[in-house]
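K.L.:
coordinates only, sequence not included:
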């Protein structure tokens, strides 16, 4: 049988808890996403400056940050949910945290866009382009990190042994 409790293959983190094998993947995705996001913010600020001056630069940088920060909410919520790995109700807690994070993200995106589109200095075209470029780059980073990590499809599952099956009979 599969069990949500840590086994001998899971690795304890510095706090003594056991971590799931997807944790390094998510952390790498966040770090690389932050780096790529900062580069895109700089490039979009430069493009925005040449197109619309200081307001364009601010719009490009702000759009790139919005486009990188909001996709990171998903990875952050998964990492937060993984902190309860080993708890008897880990799956319920995990899905509650992830679903709550997604709902929070959707509400914050709507509020942020409503507020930002009321700002007089925002150059909407540059802002929208920066959001799209940053979001696509964030997805590309996630795909590259995922493709380079060596993670099996059933990495945190303990399969039954012949002995454990005999003991159940």
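P.N.:
That came through, no problem. Quick caveat, the model's predicted, so the values are computed rather than measured.
K.L.:
Now find how far off-centre the helix or strand residue 95 falls within is within its chain.
P.N.:
Element membership for residue 95, per DSSP states H and E: helix 90-116. Averaging C-alpha positions (Cα atoms, centre = their mean, to the nearest Å) puts helix 90-116 12 Å from its chain's average.
K.L.:
could you point out which element follows that helix?
P.N.:
Counting by DSSP H and E, the next helix or strand C-terminal to helix 90-116 is helix 124-148.
K.L.:
So for that next one, what gets flagged as buried?
P.N.:
Across helix 124-148, burial judged by 16 or more other Cβ atoms under 10 Å covers 126-127, 129-131, 133-135, 137-138, 141-142, 145. All C-beta spots, glycine's among them, are computed from the backbone N, C-alpha and C.
K.L.:
contact partners of stretch 31-45?
P.N.:
57-58, 60-61, 63-65, 67-69, 71-72, 75, 126, 129-130, 133-134, 137-138, 141-142, 144-145 (Cβ atoms under 8 Å, 6 or more residues apart in numbering).
K.L.:
Tell me the secondary structure at the residue most central in space within the chain.
P.N.:
The chain has residue 75 as the residue nearest its centroid, 2.3 Å off, counting by Cα atoms, centre = their mean. What DSSP: H, G, I helix; E, B strand; the rest coil gives for residue 75 is helix.
K.L.:
No further queries at this time; thank you.
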